[in-house]
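A.B. asks: Pasting the sequence and the predicted coordinates here, then a few questions.
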Amino acid sequence: MNHLHIVASALALTILSAAASAAETVSFPGDDVTLSGILYRPAGNGPFPAVIALHGCSGLFGKDGSLSPRHADWAERLMAKGFIVLFPDSFGPRGAKSQCKTKDRVTRPSRERVEDANAAKAYLQTRRDVKADAISLLGWSNGGSVVLYAVEPRKKPDDGKPDFAKAVAFYPGCRIPSESGKWHARLPLLILIGAADDWTPAQPCRDLVADAKAEGEPVSIKIYPDAYHDFDHPNLPIRLHRGLAYTADGGSHAHTGTNPAARADALTRVPAFLAP
């Protein structure tokens, strides 16, 4: 291992360690279950803006039971920008594991997981250290699809509390919302996706955004050349996954992997977009 790899590995361990030290497990009522989540909080009294971060179909945790490196990396970076970050677990409280190879999913992005996002917002709005009118959504893959549904006008919680402020969706599944012709966004939304994504393809997202912008809705998209699914992961070699339930071509395989240029842009673009 050369010097640069040693430095990079040490930096990654430092980031993960810092994020882990700031984490706490919380629970709050959901629509059909008591939900649990991992909450990261900056130092100080606040109140802070907050981000509800929604995991993908593989779940919130890695095989070792710890928060996945991508989630921990984003938690540390968003905390450094002054955000509280809450990762609701939509699978564990329902006894579910990875759903990536399952077509009949325990939690659907358009239903149960939207309710989980709304429940997380309601919980954060009870906390004195959270700015109730500055809570945003951030989701990856299946969690990005949750974001698409959660920002629809018909999904707005009827609770008399401030709405979500903004939303970011990393490589969501845009095909169904786009083909429906009925999708709309009620708040600012940014979609980030790779041009080479063969799990959730970019073109339906491009079409979705074009239609929304034609209606004057505050939606934007960034498409990264040569980037696959999971391009923002801190250190994920490109690999081919097989046996997946839903992919771009209707088959069962797709690629994932870090794209350094796309990741670097996202690390700057997302906090700037979410800033209150």
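C.D. replies: Yep, that arrived. Remember, predicted model here, so these are calculated numbers, not experimental data. Numbers count the residues shown, from 1 in each chain.
A.B. asks: Could you check the pLDDT of the residue nearest the centre of the chain?
C.D. replies: Residue closest to the mean C-alpha point of the chain, counted by C-alpha atoms, centre = their mean, is Gly139 at 1.5 Å. Looking at Gly139, its pLDDT stands at 98.
A.B. asks: That one: which element?
C.D. replies: Using DSSP states H and E, Gly139 sits within strand 130-140.
A.B. asks: so how far is that strand from its chain's centroid?
C.D. replies: Distance, stretch centre to chain centre, for strand 130-140: 11 Å (C-alpha atoms, centre = their mean, to the nearest Å).
A.B. asks: who are the neighbours of it, in terms of helices and strands?
C.D. replies: In terms of contacts (3 or more C-beta pairs under 8 Å, 6 or more residues apart in numbering; DSSP states H and E), strand 130-140 is packed against strand 48-54, helix 112-124, helix 142-150, strand 167-170, helix 260-274. Backbone N, C-alpha and C define where each C-beta goes, glycine included.
A.B. asks: Recalculate using a threshold of 7 Å.
C.D. replies: In terms of contacts (3 or more C-beta pairs under 7 Å, 6 or more residues apart in numbering; DSSP states H and E), strand 130-140 is packed against strand 48-54, helix 112-124, helix 142-150, strand 167-170.
A.B. asks: circling back to that earlier point, show me the beta-bridge partners of the residue nearest to the centre of the chain.
C.D. replies: Leu54, Ala169 (DSSP bridges).
A.B. asks: Would you agree it is in contact with Val147?
C.D. replies: Yes: with contact defined as C-beta atoms under 7 Å, Gly139 reaches Val147; the gap is 4.2 Å.
A.B. asks: Okay, strands next: where are they in the stretch 151-276 of the chain?
C.D. replies: Taking DSSP state E, counting those that start in this stretch, the strands of the stretch 151-276 of the chain run over residues 167-170, 189-194, 219-224, 239-241, 254-256.
A.B. asks: What pairs with the third one, parallel or antiparallel?
C.D. replies: Taking DSSP bridges as the criterion, strand 219-224 pairs within the sheet with strand 189-194 (parallel).
A.B. asks: can you redo the strands of the stretch 151-276 of the chain as JSON lines with mean pLDDT, mean neighbour count and distance to Ala50?
C.D. replies: Shown next, in JSON lines, are these (pLDDT from 0 to 100; neighbours: other C-beta atoms under 10 Å; distance: least, C-beta to C-beta, whole Å):
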{"stretch": "strand 167-170", "mean pLDDT": "98", "mean neighbour count": "28", "distance to Ala50": "13"}
{"stretch": "strand 189-194", "mean pLDDT": "98", "mean neighbour count": "26", "distance to Ala50": "17"}
{"stretch": "strand 219-224", "mean pLDDT": "98", "mean neighbour count": "19", "distance to Ala50": "22"}
{"stretch": "strand 239-241", "mean pLDDT": "95", "mean neighbour count": "13", "distance to Ala50": "32"}
{"stretch": "strand 254-256", "mean pLDDT": "96", "mean neighbour count": "20", "distance to Ala50": "28"}
